[in-house]
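[1] Show me how the following folds:
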Amino acid sequence: MEDKLDTIFVLQKNLERMMNLERYPKDTQGKISSLCTAIIHEAVELQRTTNWKWWKKPTEFDEAAAREELIDIWHFLVQASLELNMTPEDILEEYQKKHQVNKQRQLDGY
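    Sure thing, here's the model as predicted:
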């Protein structure tokens, strides 16, 4: 059985094959820059599902909408990973390395 992250990568590769990429940058740096912009905008859309405006009357949190925006971010994160030739195994390895750094930072009072 395929790992869940492997499945997500296959789905993203298949989606990319369906897309019109005429306006998508050709170089890796341009692709990563564009994907960062997309992630930032999707993060703002996710934030808008919350009651971050303390001066405004709060509304009920729409978890379904928040999940949808989070998945939009995942699409762009996975695409950025593909553009950097990262595999799910690479992601786990890099995550584990950074996780150790972050744990040590917490132990050191970061």
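[2] List the buried residues for stretch 61-72?
    With burial defined by 16 or more other CB atoms under 10 Å, the residues of stretch 61-72 counted as buried are 66, 69, 72. (Each C-beta comes from the backbone N, C-alpha and C, glycine too.)
[3] Off-centre distance for the host helix or strand of residue 17?
    In this assignment (DSSP states H and E), residue 17 forms part of helix 4-18. Here the centre of helix 4-18 is set off from its chain's centre by 14 Å, with CA atoms, centre = their mean, to the nearest Å.
[4] Any buried residues in that helix, and which?
    For helix 4-18, burial by neighbour count (16+ other CB under 10 Å) applies to 8, 9, 12.
[5] ok so, going back, now, the buried residues of stretch 61-72 that are in helices?
    If you go by DSSP state H, the buried residues of stretch 61-72 have 66, 69, 72 in helices.
[6] will you turn those into a markdown table that also has pLDDT and distance to residue 35?
    Formatted as a markdown table, those follow (pLDDT from 0 to 100; distance: CB to CB, whole Å):
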| residue | pLDDT | distance to residue 35 |
| --- | --- | --- |
| 66 | 98 | 21 |
| 69 | 98 | 16 |
| 72 | 98 | 12 |
